[in-house]
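Colleague: show me the folded form of this:
(chains A and B)
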Number of protein chains: 2
Amino acid sequence: MFVSDNYSVGDNGHLLAADYDTVALAKKFGTPLYVMDEGMVRRNCALYRDSINKFYDGKGMALFASKALCCREMCRIAADEGMGLDVVSGGEIYTAVTAGVDAKKLHFHGNNKTCAEIEYALKVGIGRFIADNVEELGNINRLAGESGSRASVLLRIKPGIDAHTHKFVQTGQIDSKFGFALETGEAEEAVIKASEFANIDLVGAACHIGSQIFDIMPFEKAAEVMIDFMADMNEKYRVNLQELDLGGGFGIKYVDGDDPIEYDKYMEKVSVTVKERCKERGMALPFIYLEPGRSIVGEAGITLYTVGSVKRIPDIRTYVAVDGGMTDNPRHSLYGAEYDAVIADRAGEPREEKVTIAGRCCETDLLTEGVLIQTPHPGDTLAMFSTGAYNFSMASNYNRVPRPAMVMIKDGRARVVVKRESYEDIVRNDV
Amino acid sequence: MFVSDNYSVGDNGHLLAADYDTVALAKKFGTPLYVMDEGMVRRNCALYRDSINKFYDGKGMALFASKALCCREMCRIAADEGMGLDVVSGGEIYTAVTAGVDAKKLHFHGNNKTCAEIEYALKVGIGRFIADNVEELGNINRLAGESGSRASVLLRIKPGIDAHTHKFVQTGQIDSKFGFALETGEAEEAVIKASEFANIDLVGAACHIGSQIFDIMPFEKAAEVMIDFMADMNEKYRVNLQELDLGGGFGIKYVDGDDPIEYDKYMEKVSVTVKERCKERGMALPFIYLEPGRSIVGEAGITLYTVGSVKRIPDIRTYVAVDGGMTDNPRHSLYGAEYDAVIADRAGEPREEKVTIAGRCCETDLLTEGVLIQTPHPGDTLAMFSTGAYNFSMASNYNRVPRPAMVMIKDGRARVVVKRESYEDIVRNDV
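Modeller: Take a look at the predicted model:
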């Protein structure tokens, strides 16, 4: 009935998220409101953790890709579930560290880490750097030396895999801003370079082939390519690449028709691939990292809006305007992303009206087009599904609209984990 | 040599913005940095003001479209130059009012004003509401009544003009979330409705046909349609529509080939159209509002970045990674917008390398593609032109990247008008 199975309809006809009345949530906390089902988040974390234990003898760790949803409470939950964190900026490191996460469990990614960020990462004792380019390797080495520390480094490799996903989120092919290309010998040169740096411990290699991927095959191919690369390098140079970061990119269900991988199936298949390839190459099994982000939080989140106007334009379309928009969810504007939605007040009624959900920003600002919902009325609560990833994290103050609050629900209790922005917050840095 | 004429090259080869050394600015204030040429902003404000005086006997007012660049100092400058402000949210009203702008000079636009915002606007004594739909008219009337005040209202009309611009920024055609359609009789019904509401003074009509428009013709057509509508309504009903808001949308120069209207030519031509049409219709000349935003601040702004890595991928392309990205300028990601850029350190040297400017965010995140710049090196300052509009205002904390500072330069003096965000700012609302 709904795009994810943690939603149902209450006796009063309201949409329930993990048995919590979403209309009551909207009333209590105001709209727009991000609602995260903490139980589902934790179950998703457990899925990855357990599948690594089951299929790979626990010789690995899942890292939550913070960029999907970075706030202190989410950092705490991921850590509490035994995950590390994939961070991509000083700001994400700061968030994790001030949330109490052990810096050793942070892996610092990104194509352009500033020197200030590298210094900060070294100071807090970050677990791993995933080095993106030669300048960065040099900076990490120099700054580690200056601070009297050592840096454990994985090299970000472009495995040359095209995951057939949206252009903006393809990242494994050679035409990418990320990492060292295999084909050109750049990756090999990076290994030589990194192994010569006095303050760097080169421990492994990382790849990431894209986002919102629905096939296992590209992941298996990437794993093979990466194992071969590591084995080649270990044989050819006096290096010991023993950690393999396979990245993330596991698709989720936004709308009917999206058919995500079962995440433990992924681990099962990729484990076999890694084990077989390592056996062929006579290489010890590497310690493996996975970096799920969207698949941990995406379907666990909904956004609640209040319907403002409903404009039925004969023979054209019906616009349902809500009190949020591209400020809290820019994914339709950015990627043409589609979403499912319902009128939370009458969630059990048939969905018979095809509408375009429009935001409140002063430009076209749509949230999704052609979605079937119950007949909408001004004042209704509209629930949009699968907004847990890349909504809060990408939110802006365009039109000086305050960013919504975020509430986590678990065991019938709802608590604010990110407070709603105030107008004072928005002008705080204005002189 | 550069896309706008307020840039030049200093004796040291550095890019000068309004005679200020941009490399020195980057060093002093850090990067990424928004730099606004206040002199140019004020000249642009004056252009509109003076052309209304010259061609329309001063019977009009230009309103700065805050959404293009909303911070307190910009509100002050626009007001100081005799402009009103077009605001689209409670946050923009708050910014203007706390900057000391007289609320009477604020016009409140937007397709989905919340009741809380309408109450706030009434409380501060806003100049005009531009009503978007019937529910909103009802809310304005009711809330004005409750607060014992009256609301002066213009109706937002879709004149049915397609301005041949980017789909996302077309707003005058019938398939738009904004306003009342003429063709369907919706606009006429709104006039009847508004004139019946006890607490509403219906004073005029507003239109807005799109953004980044390079022809005068669509504006003239819109003016004709609007005058006809006002004359029809004034004749048919006991109403007195005497204010005409012609909106904004005047294009600017982002890259060579963009050929903006001369703004005083616009006013000259549209004045003739309005005067002739009013004469034909026997209608008194309306008071006119224009709403320039982009054309006031767009070309007056540049963004300064520091180059991180330079990746030359043989036969494919060269990625120049900078320390900002879609967080400070999402326009390439959103609209495929193109920008011009130079290496500020060697601005006088030939621009011989075609590159893609990549941001630092953990996705493809490009700023512009295929731009010719001087051979880039890590550590260089890269200046991107025409970033004064819809950059700061659309900025996000994606990847928890702090939003840049903004500096205004005038008469050789540089002052911070928006402080750089800190990590503390970013986590402020995290529990």
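Colleague: can we go C-alpha only for contacts and neighbour counts from here?
Modeller: Noted.
Colleague: number of nearby residues for residue A:50?
Modeller: Counted with other CA atoms under 10 Å in any protein chain shown, the neighbours of residue A:50 add up to 17.
Colleague: shouldn't it be within a strand?
Modeller: No. Looking at residue A:50 with DSSP: H, G, I helix; E, B strand; the rest coil, it is helix, so not inside a strand.
Colleague: distance of it relative to residue A:62?
Modeller: Residue A:50 sits 10 Å away from residue A:62, going by CA to CA, to the nearest Å.
Colleague: where does the stretch 151-300 of chain A have low pLDDT?
Modeller: A:163-172 (pLDDT under 70).
Colleague: now do the helices in it.
Modeller: For the stretch 151-300 of chain A, applying DSSP state H, counting those that start in this stretch gives helices covering A:186-196, A:217-236, A:263-281, A:294-297.
Colleague: for residue B:175, see how far away the residue located most distally from the centre of chain A is.
Modeller: Relative to the C-alpha centroid of chain A, counting by CA atoms, centre = their mean, residue A:314 is the outermost residue, at 39.6 Å. Here residue A:314 is placed at a distance of 10 Å from residue B:175 (CA to CA).
Colleague: over to residue A:154?
Modeller: From residue A:154 to residue B:175 the distance is 51 Å (CA to CA).
Colleague: more crowded one of the two?
Modeller: Neighbour totals were compared for residue A:154 and residue B:175, and residue A:154 leads with 29 against 18 (other CA under 10 Å).
Colleague: burial of residue A:27, as a residue count?
Modeller: By other CA under 10 Å, 11 other residues sit near residue A:27.
Colleague: dump the residue contacts of residue A:103.
Modeller: Residue A:103 is in contact with A:93, A:96-97, A:124-127, counting by CA atoms under 8 Å, 6 or more residues apart in numbering or on different chains.
Colleague: please redo it, this time with the cut-off set to 10 Å
Modeller: A:84-85, A:93-94, A:96-97, A:121-128 (CA atoms under 10 Å, 6 or more residues apart in numbering or on different chains).
Colleague: now, which of those lie close to chain B?
Modeller: Residues of the contacts of residue A:103 in contact with chain B (CA under 10 Å from any CA of the partner chain): A:93-94.
Colleague: got the contacts of residue A:103 as TSV, with pLDDT and secondary structure columns?
Modeller: Shown next, in TSV, are the contacts of residue A:103 (pLDDT from 0 to 100; DSSP: H, G, I helix; E, B strand; the rest coil):
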residue	pLDDT	secondary structure
A:84	98	strand
A:85	98	strand
A:93	98	helix
A:94	98	helix
A:96	98	helix
A:97	98	helix
A:121	98	helix
A:122	98	helix
A:123	98	helix
A:124	98	helix
A:125	98	coil
A:126	98	coil
A:127	98	coil
A:128	98	strand
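Colleague: show me how to select, in PyMOL, the buried members of the contacts of residue A:103.
Modeller: Per 16 or more other CA atoms under 10 Å in any protein chain shown, the buried members of the contacts of residue A:103 correspond to this PyMOL selection:
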select buried, chain A and resi 84+85+93+94+96+97+121+122+125+126+127+128
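Colleague: of all the contacts of residue A:103, which two lie farthest apart?
Modeller: Using CA to CA, the contacts of residue A:103 span at most 18.3 Å, a distance reached by A:84 and A:123.
Colleague: residues touching residue A:235, list them.
Modeller: A:229, A:281, A:283.
Colleague: which members of these are classed as buried?
Modeller: For the contacts of residue A:235, buried by 16+ other CA under 10 Å: A:229, A:283.
Colleague: of the contacts of residue A:235, closest to chain B?
Modeller: Nearest to chain B among the contacts of residue A:235 is residue A:229, at 19.7 Å by CA to the nearest CA.
Colleague: quick one: which helix or strand includes residue A:3?
Modeller: If you go by DSSP states H and E, residue A:3 is not part of any helix or strand.
Colleague: and for it, the neighbour number?
Modeller: By the measure other CA under 10 Å, the count of residues near residue A:3 is 18.
Colleague: surely it touches residue A:340?
Modeller: Yes. Using CA atoms under 10 Å, residue A:3 is in contact with residue A:340, at 7.2 Å.
Colleague: can you check which residues contact both of the two?
Modeller: A:253-256, A:385-386.
Colleague: buried ones from these, can you make that a PyMOL selection?
Modeller: Here is the PyMOL selection string for the buried members of the shared contacts of residue A:3 and residue A:340, based on 16+ other CA under 10 Å:
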select buried, chain A and resi 253+254+255+385+386
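Colleague: quick check: phi and psi on the closest residue to chain B within the stretch 201-350 of chain A?
Modeller: Per CA to the nearest CA, residue A:334 is where the stretch 201-350 of chain A lies closest to chain B, at 4.9 Å. When read as degrees, to the nearest 10, the backbone of residue A:334 gives phi -80, psi -50.
Colleague: contacts only, for the closest residue to it other than its chain neighbours.
Modeller: Sequence neighbours aside, residue B:334 is the residue nearest to residue A:334 in space, at 4.9 Å (criterion: CA to CA, 6 or more residues apart in numbering or on different chains). For residue B:334, the contact set (CA under 10 Å, 6+ apart) comprises A:330-336, B:168, B:326.
Colleague: how close does residue B:334 sit to residue B:176?
Modeller: Distance from residue B:334 to residue B:176, by CA to CA: 18 Å.
Colleague: same thing with residue A:412?
Modeller: Distance, residue A:412 to residue B:176, by CA to CA: 41 Å.
Colleague: so which of those two has more stuff around it?
Modeller: residue B:176 (24 against 10).
Colleague: wait, the more buried one touches residue A:320, no?
Modeller: No. The criterion here is CA under 10 Å, and residue B:176 misses it with residue A:320 at 11.4 Å.
Colleague: any common contacting residues for the two?
Modeller: Common contacts of residue B:176 and residue A:320 (CA under 10 Å, 6+ apart): A:311, A:358.
Colleague: from the chain's centroid, how far away is stretch A:51-70?
Modeller: From the chain centre to the centre of stretch A:51-70 is a distance of 13 Å (CA atoms, centre = their mean, to the nearest Å).
Colleague: got the buried residues for that stretch?
Modeller: Buried residues in stretch A:51-70, defined by neighbour count with 16+ other CA under 10 Å: A:51-52, A:55-56, A:60-70.
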